[in-house]
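**Q** Sequence and predicted model, in that order:
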Amino acid sequence: MTRLARQLGANPWIWHSPVDSMALGGLLPRLAGWGFDCVELPLEQSADWDPPATAALLRSTGLDPAAVIAVMSPERALLRTEAATVQATQDYLRRCVDAAHTIGAPVLAGPVYAAVGHTWRMSPAERHAAYDEWRQNIAPVVEHAVGAGVRIGVEPLNRYETSVFNTVAQTLDGLAGLPADGIGIALDTYHQNIEERTLPAAVREAAGRIVHVQVCANDRGAPGADHLDWPGFLHALDEAGCQGPLCIESFTSDNDAIAVAASVWRPLAPTQDVLATEGLAFLRRALADR
């Protein structure tokens, strides 16, 4: 089995929310200096950062754009909502696709189906109908993404943050009939640790549809400072032929908005810089040792 070379990246949410042009201007040179290869770029609101200027900043630092990250705030949804909300959400996601295209990011990732934190019970028949509704409403965005050369990564979240897609199996069910060149799965070790029997099993089940991978410890801290099966996870990614980057996604308890949104009630490392740099060092060692 070939051991694939991998880029390693970070998400600015480790330090900031919202992630705006000022935050990126100060952070991206630091990420490059620490040895990161790439960066995720959350786009909470369409005007938070300017795509052409951000593309120039990326070129100047040598960082690759791993993905644009969509944010499903309370006013956004593609199912179980009124037509105006669906339209506004589709428009937002198209703008995210356009931003990804402009900066050269190959992926738009996130829980692109319902607002994070919105949960409700569904019978099997209701779930089937919900997935049909979501497919119908995401399809125009997927078509736009294919035209832009961007793939959408649908991120299953844990049961406390959504009741739509929690597992790889559910997400694959939802993706049925949608084009693989336009949409797939974005894995996140935090959520898979809660919802899947094992991380390697989740990767193996998603093989062939994985478009992006986010990593963190089981408590959302630095990868490696935890009980996760990192050798098994990395081996499964290699086995699945998944060549994309691994991006550290975590959050800061110092920012009121993001601490509440992500339920981060305490520091997850001595400093956010330590979280990022120790996570990077661990992933480098783990990749070398596998």
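**A** Happy to help now that I have it. What you see is a predicted model; the values in this text were computed from it and never measured.
**Q** so how many other residues sit close to Arg159?
**A** 12 (other C-beta atoms under 10 Å). For the C-beta atoms, the positions are set from N, CA and C on the backbone; glycine is no exception.
**Q** next one: the one 10 residues further on
**A** Residues within reach of Ala169, counting by other C-beta under 10 Å, total 15.
**Q** by contact count, what packs against the helix or strand harbouring it?
**A** Assigned by DSSP states H and E, Ala169 belongs to helix 168-175. In terms of contacts (3 or more C-beta pairs under 8 Å, 6 or more residues apart in numbering; DSSP states H and E), helix 168-175 is packed against helix 124-148, strand 151-154, strand 183-188, helix 199-206.
**Q** now do 7 Å
**A** Packed against helix 168-175 by the contact rule (3 or more C-beta pairs under 7 Å, 6 or more residues apart in numbering; DSSP states H and E) you find helix 124-148, strand 183-188, helix 199-206.
**Q** Helix 199-206 and that one, what's the angle between them?
**A** 20 degrees (axes from the mean of the first three to the mean of the last three C-alpha atoms, to 10 degrees).
**Q** Please shift the residue numbers so they start at 119 in all later answers.
**A** I'll keep to 119 as the first residue from here, and by that count the last item is helix 286-293.
**Q** Pretty sure Asp306 sits against Glu273.
**A** Yes: Asp306 is within contact range of Glu273, at 5.9 Å (criterion: C-beta atoms under 7 Å).
**Q** quick one on the thing from earlier: need the helices and strands packed on helix 286-293 in a markdown table (columns: mean neighbour count and distance to Gly362).
**A** Formatted as a markdown table, these follow (neighbours: other C-beta atoms under 10 Å; distance: least, C-beta to C-beta, whole Å):
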| stretch | mean neighbour count | distance to Gly362 |
| --- | --- | --- |
| helix 242-266 | 17 | 16 |
| strand 301-306 | 27 | 10 |
| helix 317-324 | 21 | 12 |
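**Q** for the ones you listed, which one sits closest to Trp383?
**A** strand 301-306 (19.5 Å; C-beta to C-beta).
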